[in-house]
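Undergrad: need a 3D model of the following:
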Amino acid sequence: MRSKVLLAVSLVASAWLAVPAAAQAPGQAPATGEPTKIRFTLDWKISGPHAFYYWAKQKGYFAAEGLDVTIDQGEGSAATVTRVMTGAYDAGFGDINAVIQNAAAKPGEQPVMVYLVYNRAPYAVIAKADGPIKTLKDLEGRTVSAPAGSATLRLLAPLAAKNGFDAAKVKILNAAPNLIEQMLVQGQADAIAQFSVTSFMNFVAMKRDPEKDFRWFMYSDLGLDLYSNGVMVSQKLLKEKPAAVRGLVKAINRAVMDVAADPDAATTMLTGLEPLINADIEKQRLVYTIKSLMISPETARLGLGDLDDGRLAGAIKTVADAYGLEKVPDVRAVFVREFLLPAAERDIAAAAAKAK
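TA: As a prediction, this is how the structure comes out:
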């Protein structure tokens, strides 16, 4: 009898172990129960728009997809690409235009974007309204301050090519991200190259009027109809663990919709993680980012996370021409949409409309 019982238990155990991996939920780790570890890098130091990623972690959305995600702060949206390419990180939030450059220079090594967050590019050159910079041509011989590794600085050359000024004649002064606006206000730089959402709210924190006190040169208004930041993954993660990529995208999208619907709760969470940030400013920055960069006619049509292939192809050509890239990457080498949820679940405008 004892031997029959042991045989039955053995058969049940064998049958359980024989369940194929395909039966597991998307993103789930193997039957051992061990989660898939993902090292995720941000583009900057923690601020309002980073609430999406921390919310996904704090609320257990990553864990629900079988993921153990470690989030680190960044050194620039273009630097995110380098961090992922070197293998230091598996995924990150960074600039799609830096992906384009690396897809041309090192095909097969570049990260691939799987979820576009900023449908509109926030790149801007900003000068004092009463200063010497009245046109982009005035930048020649002047000093522009920007964080090293920032996408806005990287794209100054394409901006120059489109607008007839010589980027080589512009003096670049690198500074820490938290000092850029001060460099302009204190006269240490004639202009700055920065994300509009970053500078706008930093000026508010400095008790300056962003619209009256400064002159804004938006790249998107000056011939560079580009996309911007989103979630990218390494080639290794994409090829070896596609279920983990699907789970990562699902968790982040879920968090984005939650945060858009309740920016107050998201900001409270951020201040719990980083008490030194200004909760009021970061909430305003978060809401400003959602309204100005994430809600657009295109996201209304396609849903947040997706993009228009024709527009991306145009952006790729713009970057390739400006940098003299020997190869023009294919859209698929830069962005893949296979991991996106249905568009109805990515309706950012509907989520934001729920906010109080």
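Undergrad: quick one: the host helix or strand of residue 318 to chain centroid distance?
TA: Assigned by DSSP states H and E, residue 318 belongs to helix 309-323. Relative to its parent chain, helix 309-323 has a centroid offset of 19 Å by CA atoms, centre = their mean, to the nearest Å.
Undergrad: go on, stretch 349-356?
TA: That offset, for stretch 349-356, works out to 21 Å (CA atoms, centre = their mean).
Undergrad: now what about that stretch, what contacts it?
TA: Stretch 349-356 has contacts (CB atoms under 8 Å, 6 or more residues apart in numbering) with 256-258, 260-264, 287, 290-291, 295, 299-300. Where C-beta positions appear, they are placed from N, C-alpha and C, glycine not excepted.
Undergrad: report the buried residues of it.
TA: Within stretch 349-356, the residues that count as buried by 16 or more other CB atoms under 10 Å are 349, 351, 352.
Undergrad: contacts for the helix holding residue 318, please.
TA: 96-97, 100-101, 104, 155, 157-158, 161-162, 224-227, 298, 325, 327-329, 331, 334-335.
Undergrad: give me the buried entries from these.
TA: Buried members of the contacts of helix 309-323, scored by 16+ other CB under 10 Å, are 96-97, 100-101, 104, 155, 157-158, 161-162, 224, 226-227, 298, 325, 329, 331, 334-335.
Undergrad: related to what we said a few turns ago, helices - which of the contacts of stretch 349-356 land there?
TA: If you go by DSSP state H, the contacts of stretch 349-356 have 256, 257, 258, 260, 261, 263, 264, 287, 299, 300 in helices.
Undergrad: which one of those has the most neighbours?
TA: With neighbours taken as other CB atoms under 10 Å, the top of those is residue 260, carrying 27 neighbours.
Undergrad: may I see the contacts of stretch 349-356 organised as CSV, with distance to residue 207 and pLDDT added?
TA: Below are these laid out as CSV (distance: CB to CB, whole Å; pLDDT from 0 to 100):
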residue, distance to residue 207, pLDDT
256, 31, 98
257, 34, 98
258, 32, 98
260, 28, 98
261, 30, 98
262, 28, 98
263, 22, 98
264, 23, 98
287, 19, 96
290, 24, 98
291, 22, 96
295, 28, 97
299, 33, 98
300, 35, 98
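Undergrad: pick out the most distant pair among those residues.
TA: 264 and 300 (24.7 Å; CB to CB).
Undergrad: now the nearest residue in space to residue 84 that is not next to it in sequence: phi and psi?
TA: Leaving aside its chain neighbours, residue 84 sits nearest to residue 111 (4.3 Å; criterion: CB to CB, 6 or more residues apart in numbering). Phi and psi for residue 111, reported as degrees, to the nearest 10, are phi -60, psi 160.
Undergrad: quick check, residue 111 in contact with residue 83.
TA: No. Counting by CB atoms under 8 Å, residue 111 does not reach residue 83; the two are 9.1 Å apart.
Undergrad: shared neighbours, the two?
TA: Common neighbours of residue 111 and residue 83, using CB under 8 Å, 6+ apart, are residue 92.
Undergrad: show me which of these two is the more surrounded one.
TA: Higher neighbour count among residue 111 and residue 83: residue 111, with 30 against 23, using other CB under 10 Å.
Undergrad: what's the distance between that one and residue 283?
TA: Distance of residue 111 to residue 283, given as CB to CB, to the nearest Å: 30 Å.
Undergrad: and residue 282, how far from residue 128?
TA: For residue 282, the distance to residue 128 - CB to CB - is 25 Å.
Undergrad: show me which of these two is the more surrounded one.
TA: More crowded of residue 282 and residue 128, by other CB under 10 Å: residue 282, with 24 against 17.
Undergrad: let me see the contact set for the more buried one.
TA: Each residue near residue 282 by CB under 8 Å, 6+ apart is listed here: 47, 48, 201, 267, 270, 271.
Undergrad: mind putting these in TSV, secondary structure and pLDDT included?
TA: Output for the contacts of residue 282, formatted as TSV (DSSP: H, G, I helix; E, B strand; the rest coil; pLDDT from 0 to 100):
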residue	secondary structure	pLDDT
47	coil	94
48	helix	95
201	helix	91
267	helix	98
270	helix	97
271	helix	97
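Undergrad: now these: which count as buried?
TA: Applying 16+ other CB under 10 Å to the contacts of residue 282 flags 47, 48, 201, 267, 270 as buried.
Undergrad: so the residue found closest to the third one once you drop the neighbours it is linked to in the chain is in which element?
TA: For residue 201, the nearest residue in space outside its immediate sequence neighbours is residue 285; the separation is 4.1 Å by CB to CB, 6+ apart. Using DSSP H and E, residue 285 sits in helix 279-289.
Undergrad: buried ones in that helix?
TA: Result for helix 279-289 [16+ other CB under 10 Å]: buried residues 281, 282, 283, 284, 285, 286, 287, 288, 289.
Undergrad: where in this protein is pLDDT low?
TA: The chain contains residues with pLDDT under 70 at 1-32.
Undergrad: okay, now the domains of it?
TA: Per automatic domain parsing, the structural domains of the chain span 33-120+227-353, 123-221.
Undergrad: off-centre distance for the first one?
TA: The offset between the C-alpha centroid of domain 33-120+227-353 and the centroid of the whole chain comes to 4 Å, using CA atoms, centre = their mean.
Undergrad: perfect, that will be all.
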